[in-house]
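A.B. asks: quick check, what structure comes out for this input:
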Amino acid sequence: MMYPLALISVVGVVLILLYLVTIRRNAVVSDRFMDNAEAMIRKRDFLGLIGYCKKQNESMARVTQKTLDFFTKYPSASFGEVREVAEAEGSRQAGLLSSRITYLADIGSIAPMVGLLGTVLGMIKSFMQISGGDVQGVRHMELSGGVSEALITTAAGLMIGIPALVFYSIFRGRVQKYIAELEAASTHLMALLHTQVEHQRPVGGGFQSSSQKTREDYTTPVPSLLDTNRPDLHGI
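C.D. replies: Numbering: from 1, shown residues only. Next up is the predicted model:
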């Protein structure tokens, strides 16, 4: 069982190093992107912002791009519909962040089980050798060797599983923090977008249609991306 445990340990180390590099604030929402996006929205340069979002590799850029793609393709859409697009893409990005780190939790659970399997197989092997031996001293020596081999696999499994679970807890905390920042940034840009284009829409269409209802929709609390009861975030 040492070869499977060695493979699991390599995968675990690679994932930890990968997450240390990729799960960071600038990969989710950066101050630079927010400043540039806010400036473009104030200028109503929506097509330019879409192009800028395509060049950025961060979650907030994808949320903004999906929202503005829908907004520019369907200019008569109500603000509630635009907001739903933003919420859907925000939930998808949050789900991607949370689902990635679950691999470490899987490793933390699988490695000790593999080690335990090695222990059981080692004990079975030892007792089979003892049952077929003729000399009492040889029996004892074979038993000691088999037991030590079995315990080594258990120890190896625990040495892999415990760090994997520790890093999973660390990355889970990071992901929850960054999802909260993603939610706040999305709400900010949506509010700014609504403010900039509201008075540009003709009465009877778009954001100006049913003006009072639009304002009520806008002030309705946005469902939190951190809601643990939501199925798309299960596992965080």
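A.B. asks: gap between residue 169 and residue 176?
C.D. replies: For residue 169, the distance to residue 176 under the criterion CB to CB, to the nearest Å works out to 11 Å. Yep, even glycine has a C-beta here, placed from its N, CA and C like the rest.
A.B. asks: of the two, who's got more company?
C.D. replies: For residue 169 versus residue 176, neighbours defined as other CB atoms under 10 Å are more numerous around residue 176 (17 against 14).
A.B. asks: what about the more buried one, helix or strand, and which?
C.D. replies: helix 136-198 (DSSP states H and E).
A.B. asks: touching, residue 165 and residue 105? I think so.
C.D. replies: Yes: under the criterion of CB atoms under 8 Å, residue 165 makes contact with residue 105 at 6.8 Å.
A.B. asks: give me the residues contacting stretch 55-69.
C.D. replies: The list of residues contacting stretch 55-69 from outside it, by CB atoms under 8 Å, 6 or more residues apart in numbering, reads 26-30, 33-34, 37, 46, 49-50, 52-54, 82, 85-86, 88-90, 93, 96-97, 178, 182, 185-186, 189-190, 193.
A.B. asks: my guess is residue 114 contacts residue 3. True?
C.D. replies: No: in this structure, residue 114 is not within contact of residue 3 by CB under 8 Å, at 10.3 Å.
A.B. asks: more neighbours: the two, which one.
C.D. replies: Between residue 114 and residue 3, counted using other CB under 10 Å, residue 114 has the larger neighbour count: 21 against 7.
A.B. asks: in contact with that one, which residues?
C.D. replies: Under the contact definition (CB under 8 Å, 6+ apart), the residues listed for residue 114 are 1, 4-5, 8, 153, 157.
A.B. asks: most neighbours among the residues you listed, which one?
C.D. replies: Across the contacts of residue 114, the neighbour count under other CB under 10 Å reaches its highest value at residue 157, namely 25 neighbours.
A.B. asks: without its sequence neighbours, what residue ends up closest to it?
C.D. replies: Take residue 157 and drop its neighbours on the chain: the residue closest to it by CB to CB, 6 or more residues apart in numbering is residue 115, 2.1 Å away.
A.B. asks: now do the same for that neighbour: its pLDDT.
C.D. replies: What the model reports as pLDDT for residue 115 is 87.
A.B. asks: give me the angle between the helix or strand encompassing residue 116 and helix 136-198.
C.D. replies: In this structure, residue 116 sits in helix 79-131 according to DSSP H and E. With axes from the mean of the first three to the mean of the last three CA atoms, to 10 degrees as the criterion, the two stretches helix 79-131 and helix 136-198 enclose an angle of 180 degrees.
A.B. asks: quick one: low-confidence parts of the protein?
C.D. replies: Judged by pLDDT under 70, the chain has its weakly predicted residues at 129-146, 198-236.
A.B. asks: okay, which residue is most central for this protein?
C.D. replies: Central residue of the chain (CA atoms, centre = their mean): residue 97, 1.7 Å from the mean position.
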